[in-house]
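J.: Predicted coordinates and the sequence they were generated for:
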Amino acid sequence: MTRAFNFAAGPAAIPTEVLEQARDEMLDYQGTGVSIMEMSHRSRAFVDIAEEAEANFRELLNIPEEYEVLFLQGGATLQFSMVPLNLLREKTSADYVNTGSWSTKAIKEARRFCDVNVVANAEDDHFDHIPSHDTWSLDADAAYLHICSNETIGGVQFQDFPETDVPLVADMSSDILSRPVDVSRFGVIYAGAQKNIGPAGLTVVIVHSDLVGHARQETPSLLDYAVHAGSGSMSNTPPTYAWYLASLVFRWLKNNGGLEAMETRNRNKANKLYGAIERSNFYRCPVAVEARSMMNVPFTLPDPSFDEVFLAAAEARGLLNLKGHRSVGGMRASLYNAVPEAAVDALIEFMNEFEHDRR
Ligand SMILES: *Cc1c(COP(=O)(O)O)cnc(C)c1O
């Protein structure tokens, strides 16, 4: 068996050790005689998995006690509406920073529920940077301020977070667990699992308990944070298998030095690739240096007519899923926690050869 180097943006690479353990436990989970997929979410075996997952996740991110951790479905996209439904209360507006495609989608959905004040917008610059915090026109009366910490498509990442008087809400789908974060600065952090946690189908929400229990009256119960917080995220059947795989990934992260070690690894991988792009006169990264993402590295070739040849030759080398998002074109290498440094080295070697052959 050979495993390819997988640069997919999401669903994305999962650590090989995790998949091996899942394989070994697939048919008979620890002597129970059944697969985790086949057992009740209320069984002792599954409840133990769920509890371990939450404990390890809390430990990894150093989550203070006054925060709830929810294991939900619906993807990050459903949070685009759950956030306003739960946080607006009697307020009529919320502040949003627009740094790319995912911010734009969050804004569009929030407009169904309230007035959205776009306090900073990088759209006119093709989302190539993050407007500096001191230029944002914040509203003291907004229900919350929403940001996307890492724009998966544009490759733009917050390096530091704004000070706010209103609750700060962050879509961290594509950089959660990639570096330590001070959770106490946030009201809500949410992330779809399929980028940096595990398989699709699971969404993790970290929410301050002050923000739980105030959903709008007409909110469907499954969209109410309080319903999930009050039931251990088991108000209905949760995505048990995805939750189990997430628990294995959390264990893997702990065994590999936690988030400080991940940040060092991730920074090193990203620096190598950005360095190679900078040194060449062939590849180009469209993002301002200070906003470049450690997780998603977009780059272009001198002429889009090279793209298909590049992708085919990369694939033949076992370097997969480098095609940029259809909305921006070019290439994108996603370097999540599960992507080893050897993958980056192999990619750089290939890129250098490809450039050399075209000169
Ligand atoms: C992938 C992604 C989403 C959408 O996630 P779904 O799970 O498909 O709903 C939202 N925000 C960001 C930053 C993402 O990377």
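T.: Right, received. Where do you want to start? Numbers count the residues shown, from 1 in each chain.
J.: if you go through the stretch 151-300 of the chain in chain order, where are the strands?
T.: Counting by DSSP state E, counting those that start in this stretch, the stretch 151-300 of the chain has these strands, from start to end: 156-157, 168-171, 188-192, 203-208, 296-299.
J.: Quick one: closest of those to the ligand.
T.: Checking these against the ligand by CB to the nearest ligand atom gives strand 188-192 as the closest, at 3.0 Å. (Each C-beta comes from the backbone N, C-alpha and C, glycine too.)
J.: for the closest one, what is the average pLDDT?
T.: Across strand 188-192, pLDDT averages out at 98.
J.: For it, buried residues please.
T.: In terms of neighbour count (16 or more other CB atoms under 10 Å), strand 188-192 has its buried residues at 188-192.
J.: by contact count, what packs against it?
T.: Where contact means 3 or more CB pairs under 8 Å, 6 or more residues apart in numbering; DSSP states H and E, strand 188-192 is packed against helix 75-87, strand 168-171, strand 203-208.
J.: tell me the domain ranges of the chain?
T.: When the chain is parsed with automatic domain parsing, its domains come out as 17-255, 258-357.
J.: Residue 296 contacts residue 331, correct?
T.: No: taking CB atoms under 8 Å as the definition, residue 296 is not a contact partner of residue 331, at 10.8 Å.
J.: Which one's more surrounded, these two?
T.: Under the neighbour definition other CB atoms under 10 Å, residue 296 and residue 331 were set side by side, and residue 296 has more, 30 against 22.
J.: Give the rounded mean pLDDT of the longest helix that the chain contains.
T.: Across the chain, the longest stretch assigned as helix under DSSP state H is helix 258-279. Averaging the model's pLDDT scores along helix 258-279 yields 98.
J.: Can you list the buried residues in that helix?
T.: By neighbour count, and taking 16+ other CB under 10 Å as the criterion, the buried residues in helix 258-279 are 258-259, 262-263, 265-266, 269-270, 272-274, 276-277.
J.: likewise stretch 137-147?
T.: By neighbour count, and taking 16+ other CB under 10 Å as the criterion, the buried residues in stretch 137-147 are 138-139, 142-147.
J.: how far does that stretch stretch from start to finish?
T.: The straight-line separation of the ends of stretch 137-147 (CA to CA, to the nearest Å) is 14 Å.
J.: Report the contact partners of the closest residue to residue 189 other than its chain neighbours.
T.: In space, residue 189 comes closest to residue 206 once its chain neighbours are excluded; the distance is 4.4 Å by CB to CB, 6 or more residues apart in numbering. Residues in contact with residue 206, defined by CB atoms under 8 Å, 6 or more residues apart in numbering, are 61, 63, 67-70, 183, 186, 188-190.
J.: Distance of the residue of the chain found nearest the ligand relative to residue 194?
T.: For the chain, the residue closest to the ligand is residue 75, as judged by CB to the nearest ligand atom, at 2.5 Å. Separation of residue 75 from residue 194 (CB to CB, to the nearest Å) stands at 8 Å.
J.: Then residue 177?
T.: With the distance defined as CB to CB, residue 177 ends up 13 Å from residue 194.
J.: on that earlier part again, which one of residue 75 and residue 194 is surrounded by more residues?
T.: Just comparing residue 75 and residue 194: by other CB under 10 Å the higher neighbour count belongs to residue 194, 23 against 18.
J.: Run a quick check on that one versus residue 14, I expect a contact.
T.: No: the pair formed by residue 194 and residue 14 falls short of the contact definition of CB under 8 Å, at 9.4 Å.
J.: one step back: mark which of the buried residues of stretch 137-147 are part of helices, please.
T.: Counting by DSSP H, the buried residues of stretch 137-147 place none of their members in helices.
J.: Just those: which are in strands?
T.: When those are checked against strands (DSSP state E), the matches are 145-147.
J.: mind giving me CSV with those and columns for distance to the ligand?
T.: As requested, those are arranged in CSV below (distance: CB to the nearest ligand atom, whole Å):
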residue, distance to the ligand
145, 16
146, 11
147, 10
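J.: Which residue, other than its chain neighbours, is closest to residue 272?
T.: Across the structure, with CB to CB, 6+ apart as the measure, the residue nearest residue 272 apart from its sequence neighbours is residue 344 (5.4 Å).
J.: swap in residue 268?
T.: Spatial nearest neighbour of residue 268, excluding adjacent residues (CB to CB, 6+ apart): residue 341 at 6.8 Å.
J.: One more: residue 16?
T.: Nearest-residue entry for residue 16: residue 3, 5.8 Å, with adjacent residues in sequence omitted and distances by CB to CB, 6+ apart.
J.: Kindly state the pLDDT recorded for that neighbour?
T.: Per-residue pLDDT puts residue 3 at 93.
J.: quick one, phi psi at it?
T.: As for residue 3, its main-chain torsions (degrees, to the nearest 10) stand at phi -100, psi 130.
J.: Same check on residue 95?
T.: Main-chain torsions, residue 95, degrees, to the nearest 10: phi -100, psi 140.
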